[in-house]
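Student: prediction below, plus the sequence it came from.
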Amino acid sequence: MTSLKDLKLYTTSEHECSYIPGKQAKTLFVDPEFSIDKEFHTRLNEIGFRRSGDHLYRPHCENCEQCIPCRVLVNEFKFNQRFRRVMNKNNDLIVSPVDSIASDEHFKLYAEYINARHSDGDMYPASQEQYQSFLITKREDTLYLEIRHKDVLIGVMICDRLLNALSAVFTFYDPELEKRSLGTFAILWQIKVASRLQLSYLYLGYWIKDCKKMNYKSQFHPIELLYPEGWIKAK
């Protein structure tokens, strides 16, 4: 495996933080020309990197350490009463793998989700160009999972299969089906997939205590958080 010391990294200039109002952010990127196999991709996740299209990145902000990488401990995870209710009320849904999410049907659902749920972020307004670069670009280990109700597409999960984990890249779904708790359902389903594949972790990106859109992840305990001293199970 290529050594981390051989990795070329680039930083962006400071830009407005997408998660905490009034904060400035800076991002560290892996050289997109660098060849990254599954083993190296796994290692990068282990040290806090995430994937967006062709890019692997992690926050590199000055005077702020609120973006904390997190991962669910799949083998210790238990479905509590709330999670069982979410699964039960969605037992009429069909989840299946597909080779591509490049159709107009997929983009329409993505645009509805972004425009309803992320109108205050840098992904708004949704565009085909953004969709192509963010989600259509895939690795050989990327899984696309459709969620359908009576043949109607209502959700899509994108995740990468690592050596010992799944990494949840992005999920989008019909924003009008709020009562189904599809965001929670998608995470629970990916935990089940990881368990079936005998993988140890599900990476959920960054947990941010002061951001409502990101702090929900601690509900899926037991969960580990990555600090400078290593991965530590949250209490």
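Tutor: Yep, that arrived. Residues are numbered from 1 along each chain as shown.
Student: residues making contact with the helix or strand containing residue 114?
Tutor: Element membership of residue 114 [criterion: DSSP states H and E] is helix 104-117. When contacts are taken as C-beta atoms under 8 Å, 6 or more residues apart in numbering, the neighbours of helix 104-117 outside the stretch itself are 123-126, 128, 131, 135, 153-156, 172-176. All C-beta spots, glycine's among them, are computed from the backbone N, C-alpha and C.
Student: which ones among those residues lie within helices?
Tutor: When DSSP state H defines the helices, the subset of these inside them is 128, 131.
Student: how far off centre is the helix holding residue 114?
Tutor: Relative to the mean C-alpha coordinate of its chain, helix 104-117 is positioned 17 Å out (C-alpha atoms, centre = their mean, to the nearest Å).
Student: can you list the buried residues in it?
Tutor: The neighbour-count criterion (16 or more other C-beta atoms under 10 Å) identifies 106-107, 109-114, 117 as the buried residues of helix 104-117.
Student: gap between residue 151 and residue 104?
Tutor: Computed with C-beta to C-beta, to the nearest Å, the distance linking residue 151 and residue 104 is 16 Å.
Student: quick one: name whatever helix or strand follows the worst-scoring helix or strand of the chain on mean pLDDT.
Tutor: Counting by mean pLDDT, DSSP states H and E, the chain has its least confident helix or strand at helix 212-215, which shows a mean of 87. Secondary structure here is assigned by DSSP H and E; on that basis, the next helix or strand after helix 212-215 toward the C-terminus is strand 223-227.
Student: identify the residues contacting that next one?
Tutor: When contacts are taken as C-beta under 8 Å, 6+ apart, the neighbours of strand 223-227 outside the stretch itself are 47-48, 68-73, 201, 204, 207, 217, 231-234.
Student: so what are the domain limits for this protein?
Tutor: Residue ranges of the domains in the chain are recorded as 4-65, 70-233, according to automatic domain parsing.
Student: give me the buried entries from the contacts of strand 223-227.
Tutor: Of the members of these, the ones counted as buried by neighbours, 16+ other C-beta under 10 Å, are 48, 68-73, 201, 204, 207, 217.
Student: in CSV: those, plus secondary structure and distance to residue 61.
Tutor: Below are the buried ones among the contacts of strand 223-227 laid out as CSV (DSSP: H, G, I helix; E, B strand; the rest coil; distance: C-beta to C-beta, whole Å):
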residue, secondary structure, distance to residue 61
48, coil, 13
68, strand, 12
69, strand, 14
70, strand, 17
71, strand, 21
72, strand, 25
73, strand, 27
201, strand, 25
204, strand, 20
207, strand, 15
217, helix, 19
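Student: pick out the most distant pair among those.
Tutor: The distance between the two most remote of these (C-beta to C-beta) is 16.9 Å, for 48 and 73.
Student: good, we can wrap up now.
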